[in-house]
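A.B. asks: Using only what follows, build the 3D model:
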Amino acid sequence: MATIVVLGVVLVVSGLGFGWYALRPLAVLPRLLRSEVVAPAEVSADSGFVVCRGRAESVGESLDGPFTGEPCLGVEYEIAERALTPSEVPFTWRDLDDGVATVPFELRGDSDRVRVEPESRRFALDTEPETVVVPAGERPPERIESFLAVREGVGPASAGPLSVLGIGTRRYVERRIDLDEPHVIAGRPERTDGRTVLTGALVITDRSPRAVVGRRLRAAALPLAVALVFCVLGVALIAIS
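C.D. replies: The predicted model follows:
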């Protein structure tokens, strides 16, 4: 009986963990849906949560996409490899590396602008991803190969007889804040050095707020389903013990 109770508690705790992971990105969605999209000229430090649309322009610094080399003002990347994991779902994507980098920039409208200072660990980049897939056994493009050469912990792709099944295939995903392109940025403006700045926990997208809501809800569906199953099974085991 004690073993069943322990297993039930473990399932409930795991379910709550999955639930937290799934629900955390959804916390901002009600404010996204309630807020009207405004121009940079309408953003002030006295505003609460705002959703602002404009064109992202450099203030002197820029970055290069790690996989595409495209100039940008912020980038988020992920590297995953197709792996055979008998203990989980077979042929799943195993995360190998990820990262994010940003520089300050401006969101410009027709008559004004607002400065944006994303904090690399406190913003969500909901832009259209660009994905490079390298089949198992093949060398990646030169730019990706150079990037991997300076990354610790990301070795060569897996190779072997299972490569014919796709084991070892790698997926390089890059999301960017592209220069001189329209973006929507949501967050709380602050007054810094005498000017209004959008900073902190920002949502940055090249789509509409409703598109962001839909994407995040779809991404949360599976983790929430797993969380519900774990919690129900855990409670059931505790109840029958």
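
A.B. asks: roughly how far apart are the nearest residue to Leu84 once chain neighbours are set aside and Trp93?
C.D. replies: Setting aside the residues directly before and after it, Leu84 is nearest to Ile167 in space (C-beta to C-beta, 6 or more residues apart in numbering), at 5.3 Å. In short, each C-beta sits where N, CA and C put it, glycine included. Ile167 sits 11 Å away from Trp93, going by C-beta to C-beta, to the nearest Å.

A.B. asks: ranges for the strands of the protein?
C.D. replies: Secondary structure of the chain (DSSP state E): strands located at 37-38, 50-58, 63-64, 71-83, 92-102, 105-108, 113-126, 130-134, 170-178, 182-187, 189-192, 195-205.

A.B. asks: picking that back up, give me the common contacts of Ile167 and Trp93.
C.D. replies: By C-beta atoms under 8 Å, 6 or more residues apart in numbering, Ile167 and Trp93 have these common neighbours: 82-83.

A.B. asks: who has more neighbours, those two?
C.D. replies: Ile167 (19 against 15; other C-beta atoms under 10 Å).

A.B. asks: Just confirm the more buried one contacts Thr92, I think it does.
C.D. replies: No: judged on C-beta atoms under 8 Å, Ile167 makes no contact with Thr92 at a distance of 10.6 Å.

A.B. asks: Now do the shared contacts for these two.
C.D. replies: Contacts common to Ile167 and Thr92, judged by C-beta under 8 Å, 6+ apart, are 82-83.

A.B. asks: Please work out how many residues are found near Glu36.
C.D. replies: 8.

A.B. asks: any idea how far Ala220 is from the closest residue to it other than its chain neighbours?
C.D. replies: Closest residue to Glu36 apart from its sequence neighbours, by C-beta to C-beta, 6+ apart: Val51 at 7.1 Å. Taking C-beta to C-beta as the measure, Val51 falls 20 Å from Ala220.

A.B. asks: These two: which has the busier surroundings?
C.D. replies: Val51 (22 against 19).

A.B. asks: Could you count how many residues lie near the spatially closest residue to Asp112 that is not a sequence neighbour?
C.D. replies: Distance criterion C-beta to C-beta, 6+ apart; nearest residue to Asp112, sequence neighbours excluded, is Ala41 at 3.7 Å. Neighbour count for Ala41, taken as other C-beta under 10 Å: 14.

A.B. asks: Read off the pLDDT value for Ala41.
C.D. replies: pLDDT recorded at Ala41 is 87.

A.B. asks: now swap in Val6 and tell me
C.D. replies: For Val6, the predicted pLDDT is 78.

A.B. asks: Counting neighbours, what do you get for it?
C.D. replies: 13.

A.B. asks: Repeat that for Glu190.
C.D. replies: For Glu190, using other C-beta under 10 Å, the count is 13.
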